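Peer 1: One predicted model, sequence on top.
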Amino acid sequence: MKDSLRLFNLYFSKYKTPLIAYGSLGVAQGLLLIPIPFLLKYLVDQSSNNDWSNLTLIVGSLLGISALSISFMLISRIGLVKTVKKKIEELRTELAQRIISMPHRGQWQEYESQLKNIVIDDTEKLDIAATVGFGQVLPACIGGILMAAALFVISPLLFIITCVVFPIIFIILIHFKRRLQNAHEIFRQSLFSMEKSVRFIISAWELIKTQTAEDAEKEKQKHTFSDMRRVSQSLANLHIYLQATQESIGLIFGILLLAIGFYFVSIERLTTGEVISFFAGFSLLRSQLANILNGWPHIIYFAASLRHIDQILKLHHTTPYQGKRKHLLKGEISLRDVSFSISNTTVLDAVSVTFTPESFSVITGKNGDGKTTLLLALLGLVSPDSGKVFVDGIDLITLDIHEYRRQIAVVSQHPLFIDSTVKENREYGLHHDIAAPHLADSDFHIEETRLVSSLSGGEKQKLMIQRALKRNPKVLLLDEPTNHLDAQAFESLLDFLANISRKITVICITHEPRVIGQADNHFHLTKDRLKHEERNV
């Protein structure tokens, strides 16, 4: 808990003043309820003596206190909601920016499956916990203590009876709350499994069909939804039982309290005013205790959510590419003794190579030998464990990495698109209009208004090539660009690469013999070295 408070103080330090102010207003709202039992006692005692002289004043005071209490509550809750949600917006923005600005996936890959839950679910839990904590639990704790003291003043006898019975009630409710908390965790896990299962049948529809796994998947989905129904039903039943228990205990104990109170009235140990005022005060106290019990699970979630958020915000930028120098690329890129490893596995080992301007180079090698990682190193998306990357003879560390990447275009091996139209995908990331070179429209034309989700594999490949060329790059990086292309588009791409490589630097990973044969340079990559292959003329 100490660590959670430290993290809360760290991330909410900017908002401590309004949080304390609105929390104090919530406490004041609870304190305004304290005089109500005493005013009721005075009212009943006066009416018992047939003294109605102060009736208007007392009733007016009760109504005024109630109205002021409601006003304080509204101002406090609305202010808290506004303050906390502003901070949650900032946290979500910072989390998203931290993920986007990470140099490469390796820095957050261990959290990848949890990122969505951290950015959305954990921040939402933190939102609720902070609002409930300052607006509900804190005022109820302070107000409950003072109301209990007021009840003792009104009737020590009834207070002692209440203290004997109440721990039993509290233990019963705590037991339900713990069961409810466990049920919520099981429900969350089941919901995650169901979401994962539904995503699979949507994304793997063709796999299911081609492997004739329809019957197996239908049965699996049936079991998934059946498990979800049972878990959801169990959670709903627990909520119903808890609500029924709370209402039953309140009703039964209220009746018993009145019965015991009026018994003491009959033997002249208490007055009617004391019994009624004690009952009214106990009802207010029970409401405050319910606020504590209902809000406490959110406080428990708050600690875990803060830890998850802190894990991501603690991730540091390990990239050395923090330079500010602007440089207009001429097209030469060199790796000098570059080594890179992931999870203690060497991917690149002391690789040295120079790609000259206005040339067409191809890289070949076995799967897993680091060809794609080499391209990522050229882009600065992975930073070498040792060695350096040079651009036109300038150390990449000194360059503005964003300005550098704006002059490079990439056609990745796997389609990377936003869920939108062809036009929006083609123009994604462009900062200004560029007179870009184009492929033959007859071979690469795709209707701009079509959704990218409706494209075939070949059409997606064409769109990636078009998007890369629209940047009018100085360096063009291609990772297996001929995948899925039909014969006509393949020929068009070959001709285009032959022409464009006279103007810019083209670096292509490929296993296609005709592409290799057309290249100026052929490099073969293994885990041990990058070898320059002699061209067959």
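Peer 2: Yes, it's here. Numbering: from 1, shown residues only.
Peer 1: How about residue 286, nearest residue that isn't a chain neighbour?
Peer 2: In space, and not counting its chain neighbours, residue 286 is closest to residue 250: 5.9 Å by CB to CB, 6 or more residues apart in numbering. (C-beta placed from N, C-alpha, C; glycine too.)
Peer 1: From residue 334, how far out is residue 401?
Peer 2: Separation of residue 401 from residue 334 (CB to CB, to the nearest Å) stands at 17 Å.
Peer 1: Tell me where the stretch 201-350 of the chain has strands.
Peer 2: Along the stretch 201-350 of the chain, counting by DSSP state E, counting those that start in this stretch, strands occupy 333-342, 345-355.
Peer 1: is it true that residue 291 touches residue 140?
Peer 2: Yes. If you go by CB atoms under 8 Å, residue 291 and residue 140 touch, sitting 4.0 Å apart.
Peer 1: in which helix or strand would I find residue 172?
Peer 2: Using DSSP states H and E, residue 172 falls within helix 156-203.
Peer 1: Report the mean per-residue pLDDT for that helix.
Peer 2: The average pLDDT for helix 156-203 rounds to 80.
Peer 1: Please apply the same query to stretch 38-53.
Peer 2: The average pLDDT for stretch 38-53 rounds to 82.
Peer 1: Any buried residues in it, and which?
Peer 2: Burial within stretch 38-53, assessed by neighbour count using 16 or more other CB atoms under 10 Å, is assigned to 38, 39, 40, 41, 42, 43, 44, 45, 46.
Peer 1: could the residues you listed be laid out in JSON lines, adding secondary structure?
Peer 2: Output for these, formatted as JSON lines (DSSP: H, G, I helix; E, B strand; the rest coil):
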{"residue": "38", "secondary structure": "helix"}
{"residue": "39", "secondary structure": "helix"}
{"residue": "40", "secondary structure": "helix"}
{"residue": "41", "secondary structure": "helix"}
{"residue": "42", "secondary structure": "helix"}
{"residue": "43", "secondary structure": "helix"}
{"residue": "44", "secondary structure": "helix"}
{"residue": "45", "secondary structure": "helix"}
{"residue": "46", "secondary structure": "helix"}
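Peer 1: wait, residue 92 sits on residue 119?
Peer 2: Yes. With contacts defined as CB under 8 Å, residue 92 counts as touching residue 119 at a distance of 6.0 Å.
Peer 1: Look at residue 415 and give its secondary structure.
Peer 2: coil.
Peer 1: Redo the strands of the stretch 201-350 of the chain as TSV? Include mean pLDDT.
Peer 2: Below are those laid out as TSV (pLDDT from 0 to 100):
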stretch	mean pLDDT
strand 333-342	88
strand 345-355	87
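Peer 1: With distance to residue 468 and mean neighbour count as added columns, please give those in JSON lines.
Peer 2: Output for those, formatted as JSON lines (distance: least, CB to CB, whole Å; neighbours: other CB atoms under 10 Å):
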{"stretch": "strand 333-342", "distance to residue 468": "16", "mean neighbour count": "19"}
{"stretch": "strand 345-355", "distance to residue 468": "17", "mean neighbour count": "18"}
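Peer 1: so how many other residues sit close to residue 156?
Peer 2: Using other CB atoms under 10 Å, residue 156 has 10 other residues around it.
Peer 1: where does this structure have its least confident helix or strand?
Peer 2: Lowest by mean pLDDT, DSSP states H and E among the helices and strands of the chain is helix 441-444, with a mean of 62.
Peer 1: That one: what's the following helix or strand?
Peer 2: helix 457-470.
Peer 1: what helices or strands is the one helix or strand residue 425 maps to leaning on?
Peer 2: Residue 425 belongs to helix 422-426 when elements are defined using DSSP H and E. The helices and strands touching helix 422-426, judged by 3 or more CB pairs under 8 Å, 6 or more residues apart in numbering; DSSP states H and E, are helix 457-470.
Peer 1: Extract the C-alpha trace of the helix or strand that the helix it packs on is followed by and format it as CSV.
Peer 2: Once helix 457-470 ends, the next helix or strand along the chain (criterion: DSSP H and E) is strand 475-479. Taking C-alpha atoms only, strand 475-479 is exported to CSV below (Å, rounded to 0.1, in the frame of the first residue of the first chain):
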residue,chain,number,x,y,z
VAL,A,475,16.5,5.2,-50.3
LEU,A,476,13.9,2.5,-51.0
LEU,A,477,13.9,-0.7,-48.8
LEU,A,478,12.0,-3.7,-50.0
ASP,A,479,11.4,-6.9,-48.1
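Peer 1: Show me what the helix holding residue 172 packs onto, helices and strands only.
Peer 2: Packing contacts for helix 156-203, counted by 3+ CB pairs under 8 Å, 6+ apart, involve helix 138-154, helix 214-266, helix 272-313.
Peer 1: From residue 320, how far out is residue 345?
Peer 2: Per CB to CB, residue 345 is found 21 Å from residue 320.
Peer 1: from memory the residue nearest to residue 286 sits against residue 285, does it?
Peer 2: No. Using CB under 8 Å, residue 250 is not in contact with residue 285; the gap is 11.1 Å.
Peer 1: Do you know the pLDDT at the residue lying closest to residue 158 once chain neighbours are set aside?
Peer 2: Spatial nearest neighbour of residue 158, chain neighbours left out: residue 278 (4.9 Å); criterion: CB to CB, 6+ apart. With respect to pLDDT, residue 278 scores 92.
Peer 1: Count the neighbours of residue 278 for me.
Peer 2: Residues within reach of residue 278, counting by other CB under 10 Å, total 26.
Peer 1: Also residue 470?
Peer 2: Residue 470: 19 surrounding residues under other CB under 10 Å.
Peer 1: What distance do you get for it to residue 477?
Peer 2: When residue 470 is compared with residue 477 (using CB to CB), they lie 15 Å apart.
Peer 1: rewinding a little: what separation is there between the residue nearest to residue 286 and residue 282?
Peer 2: Remark: distance between residue 250 and residue 282 (CB to CB) = 10 Å.
Peer 1: who's more crowded, those two?
Peer 2: Remark: of residue 250 and residue 282, residue 282 carries more neighbours, 23 against 16, as counted by other CB under 10 Å.
Peer 1: got the contact list for that one?
Peer 2: 151, 162, 254, 257 (CB atoms under 8 Å, 6 or more residues apart in numbering).
Peer 1: Poorly predicted segments of this structure, please.
Peer 2: 1, 103-113, 173, 316-319, 431-443, 527-528, 534-537 (pLDDT under 70).
Peer 1: Now the most centrally placed residue in it. Nearest residue, chain neighbours left out?
Peer 2: In the chain, the residue lying closest to the centroid (CA atoms, centre = their mean) is residue 119, at 1.3 Å. Sequence neighbours aside, residue 95 is the residue nearest to residue 119 in space, at 4.9 Å (criterion: CB to CB, 6+ apart).
Peer 1: and what of residue 302?
Peer 2: Distance criterion CB to CB, 6+ apart; nearest residue to residue 302, sequence neighbours excluded, is residue 129 at 3.3 Å.
Peer 1: I would like the residues contacting the helix or strand containing the one you found, please.
Peer 2: Under the criterion of DSSP H and E, residue 129 resides in helix 123-132. Residues from elsewhere that reach helix 123-132 (CB under 8 Å, 6+ apart): 8, 12, 19, 77, 80-81, 84-85, 87-88, 91-92, 95, 295, 298-299, 301-302, 304-306, 309.
Peer 1: Residue 529 and residue 351 touch, don't they?
Peer 2: Yes. Look at residue 529 against residue 351 with CB under 8 Å: they come within range, at 7.3 Å.
Peer 1: ok, residue 473 - how many residues close by?
Peer 2: By other CB under 10 Å, 24 other residues sit near residue 473.
Peer 1: May I have the residues that are in contact with it?
Peer 2: By CB under 8 Å, 6+ apart, residue 473 lies in contact with 407, 408, 409, 504.
Peer 1: One more pass at 6 Å, please.
Peer 2: 408, 409 (CB atoms under 6 Å, 6 or more residues apart in numbering).
Peer 1: No further queries at this time; thank you.
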